[in-house]
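what's the 3D shape of this:
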Amino acid sequence: MKTSIFFACFFFAVSCLSYAQSMAFIDNTAPVEKKASEKEVPLHLQFRQPEFPGGQEALSEYIQAHLEYPALAERHGREGAVVVRFQLDETGKISGVTAENAIGMGCEEAAVALVRNMPNWKPAMQGGRYIPASMRVPVQFRLY
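Prediction:
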């Protein structure tokens, strides 16, 4: 009985000491020194999304002002959203315009034409350089 208590205490002491020794080498609070050439760039400055000139509100106003509702869709009361996918190059020029979904009666064609005729966007930026980007814009067809 005394032997089993002794071994239990011995194993407990050894396990505590080995845990304490392994923890002595982990120091999460120590600051990591950086080289002088590695300047820390804030995360929000590393990448900038493409933007319609004037922002999201201007994009909504542009869509509302320039969307031509197809006559057939209007006659039949067709409503819905067409998601248009397109690419922007380094200058913000639009290319590769396609409709991702269909609601019919000419709505996809009208949405694609609307996006093709948009002015150039402010291009995406990463690391201080303009880069190409892929975009998706929903075009709502609603009868008021």
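
what's the average pLDDT for stretch 131-144?
Stretch 131-144 shows a mean pLDDT of 95.

could you double-check that P50 lies in contact with N120?
No: proximity of P50 to N120 does not meet the contact threshold set by CB atoms under 8 Å, at 10.1 Å. To be clear about C-beta, it is placed using only N, CA and C from the backbone, and glycine gets the same treatment.

which residues do those two both contact?
For the pair P50 and N120, residues contacting each of them under the criterion CB atoms under 8 Å, 6 or more residues apart in numbering are G92.

what is the burial count for E68?
Applying other CB atoms under 10 Å, we find 11 other residues in the vicinity of E68.

er, T91 I mean
Other residues within reach of T91 by the criterion other CB under 10 Å amount to 11.

more crowded one of P50 and N120?
Applying other CB under 10 Å to P50 and N120 shows that P50 carries more neighbours, namely 17 against 13.

residue contacts, the more buried one?
Under the criterion of CB under 8 Å, 6+ apart, the contact partners of P50 comprise L88, G92, W121, K122, P123, A124, A133, M135.

can I get those in JSON lines including secondary structure, distance to A113 and neighbour count?
Putting these into JSON lines (DSSP: H, G, I helix; E, B strand; the rest coil; distance: CB to CB, whole Å; neighbours: other CB atoms under 10 Å) gives the following:
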{"residue": "L88", "secondary structure": "strand", "distance to A113": "18", "neighbour count": "22"}
{"residue": "G92", "secondary structure": "coil", "distance to A113": "19", "neighbour count": "19"}
{"residue": "W121", "secondary structure": "coil", "distance to A113": "17", "neighbour count": "21"}
{"residue": "K122", "secondary structure": "strand", "distance to A113": "22", "neighbour count": "17"}
{"residue": "P123", "secondary structure": "coil", "distance to A113": "22", "neighbour count": "20"}
{"residue": "A124", "secondary structure": "strand", "distance to A113": "24", "neighbour count": "20"}
{"residue": "A133", "secondary structure": "strand", "distance to A113": "21", "neighbour count": "20"}
{"residue": "M135", "secondary structure": "strand", "distance to A113": "16", "neighbour count": "17"}
